[in-house]
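J.: I'll drop the sequence and a predicted model, then ask my questions.
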Amino acid sequence: MQSQTKIFSRLVRDYMRPAAVKLPADSRLADVLAGMIESKASSALITARDGNGKSGRLVGIITEKDVTRRIALRCDGGETAEQLMTSPVRTILAA
């Protein structure tokens, strides 16, 4: 049996997945879901576009829970990620 305190000796990076789905806030919901399915991800990070049109800072997240609770029966897929994401997002840096 593993020690119940072992989890406290691990780092955040030990639990991180290598690639996150990142999409701009103006992405259509259908594209966000397609990206999550293709990557087998349970969430998508939503970013704001910078002045050059590239994805920039993190502004929200869409999770499977968001999809099932808010989206499943009320959306047609044409809505933007910005309309449906959870925001603000709190993050931590991996050491």
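T.: Perfect, thanks for sending it.
J.: With just CA atoms, put the host helix or strand of residue 59 into CSV.
T.: Assessed by DSSP states H and E, residue 59 sits inside strand 55-63. Taking C-alpha atoms only, strand 55-63 is exported to CSV below (Å, rounded to 0.1, in the frame of the first residue of the first chain):
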residue,chain,number,x,y,z
SER,A,55,-3.0,33.3,-30.1
GLY,A,56,-1.8,35.0,-27.0
ARG,A,57,-2.7,35.0,-23.3
LEU,A,58,-5.0,32.5,-21.7
VAL,A,59,-8.5,33.9,-21.1
GLY,A,60,-10.7,30.9,-20.5
ILE,A,61,-11.2,27.1,-20.6
ILE,A,62,-13.9,24.8,-21.9
THR,A,63,-14.1,21.4,-20.2
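J.: average pLDDT for it?
T.: Mean pLDDT, taken over the full extent of strand 55-63, equals 88.
J.: What lies in contact with it?
T.: Contact partners of strand 55-63, identified using Cβ atoms under 8 Å, 6 or more residues apart in numbering, comprise 22-25, 32, 36, 42-50, 81-82, 84-89, 91. In this view, the C-beta of every residue, glycine as well, is placed from N, C-alpha and C.
J.: Show me the strands in the chain, by range?
T.: 21-24, 43-49, 55-63 (DSSP state E).
J.: would you turn these into JSON lines with mean neighbour count?
T.: Formatted as JSON lines, these follow (neighbours: other Cβ atoms under 10 Å):
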{"stretch": "strand 21-24", "mean neighbour count": "18"}
{"stretch": "strand 43-49", "mean neighbour count": "20"}
{"stretch": "strand 55-63", "mean neighbour count": "17"}
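J.: Quick one: end-to-end distance for stretch 68-87.
T.: 17 Å (Cα to Cα, to the nearest Å).
J.: Can you list the buried residues in that stretch?
T.: Buried residues in stretch 68-87, counted by 16 or more other Cβ atoms under 10 Å: 71, 80-81, 84-85.
J.: now that we're looking at residue 64, how far away is residue 50 from it?
T.: 28 Å (Cβ to Cβ, to the nearest Å).
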